[in-house]
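J.: sequence below, structure please.
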Amino acid sequence: MTPLPPPQGFQIYDPPPSPVKFLLDIVCLIGYVRVVIGVLLGVTAVLLALAAVIVSLVALRAPLKANGDVLRAFKALEGDFEEVEQRVSSALGRISRLKREILPTREAEKPAEVVRSSAGLLTPAGSKPLTRGQLLARAKFQSRGGDFDADVEDSARPTGG
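T.: Numbering: from 1, shown residues only. Presented below is the predicted three-dimensional model:
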């Protein structure tokens, strides 16, 4: 039997690698490792930055929510203040109107000083003498049994209230 010839392109034994080629292969392998390490470091840095952004957004969410609550509370207080302001303004207007209505009547309620005229009749101080119609009304009142001068004195007398 004869041995079969080796297939084409195949050698029976590999020559030993040369030291230069071995060193070049190591340098090339180190270059690839550096590239892979650089890519891994870059991806890690991006992931860490993304994680930091997410953590900061989560951490800021609570104060932003609290700020929104404070803002809503402030708006509610502002609305309540405007409502109270309108009520106070309305109440002050009513007080002013009542004051204007009451003050002239109080001056009208003040008793007039009563003095006796030369005819012996009671008349308010500083007033004009009675007219003919007033004198007739007085006479008619007195004829019915009333004491006109006593009624005038009672109404002119200040009350002790």
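
J.: how close does residue 98 sit to residue 74?
T.: Residue 98 sits at a distance of 36 Å from residue 74 (criterion: C-beta to C-beta, to the nearest Å). (C-beta placed from N, C-alpha, C; glycine too.)

J.: what does residue 67 give?
T.: Taken as C-beta to C-beta, the spacing of residue 67 relative to residue 74 amounts to 10 Å.

J.: what about residue 52, how many neighbours?
T.: Residues near residue 52, counting by other C-beta atoms under 10 Å, number 10.

J.: can you check the pLDDT for residue 3?
T.: In the prediction, the pLDDT value recorded for residue 3 is 73.

J.: ditto for residue 96
T.: At residue 96, the predicted lDDT confidence score is 86.

J.: so what's the residue count around residue 38?
T.: Residues within reach of residue 38, counting by other C-beta under 10 Å, total 10.

J.: now do it against residue 88, distance only.
T.: From residue 38 over to residue 88 the distance is 73 Å, taken as C-beta to C-beta.

J.: ok, now residue 54?
T.: Using C-beta to C-beta, we find residue 54 at a distance of 51 Å from residue 88.

J.: the strands in the chain, which residues?
T.: With DSSP state E, the ranges of strands along the chain come out as 114-116, 122-124.

J.: hey, where'd the helices end up in this structure?
T.: Applying DSSP state H to the chain gives helices spanning 19-109, 132-143, 148-156.

J.: any idea which of those helices is most buried?
T.: Here the criterion is mean neighbour count by mean count of other C-beta atoms under 10 Å, and of these the winner is helix 148-156, at a mean of 13.

J.: mean confidence score for it?
T.: 53.

J.: tell me where the model's unsure across the protein.
T.: Low-confidence segments of the chain, defined by pLDDT under 70, are located at 1, 5-7, 9-17, 104-127, 146-161.

J.: break it into its domains for me.
T.: Taking automatic domain parsing as the domain assignment, the record places the domains of the chain at 18-110, 113-155.

J.: could you dump those domains to CSV with distance to residue 2?
T.: As requested, the domains of the chain are arranged in CSV below (distance: least, C-beta to C-beta, whole Å):
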stretch, distance to residue 2
domain 18-110, 35
domain 113-155, 164
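
J.: out of the ones you listed, flag the one nearest residue 4.
T.: With respect to residue 4, and counting by C-beta to C-beta, the nearest of the domains of the chain is domain 18-110 at 30.6 Å.

J.: so which of the domains of the chain gets nearest residue 3?
T.: For those, proximity to residue 3 was assessed by C-beta to C-beta; domain 18-110 is nearest, at 29.7 Å.
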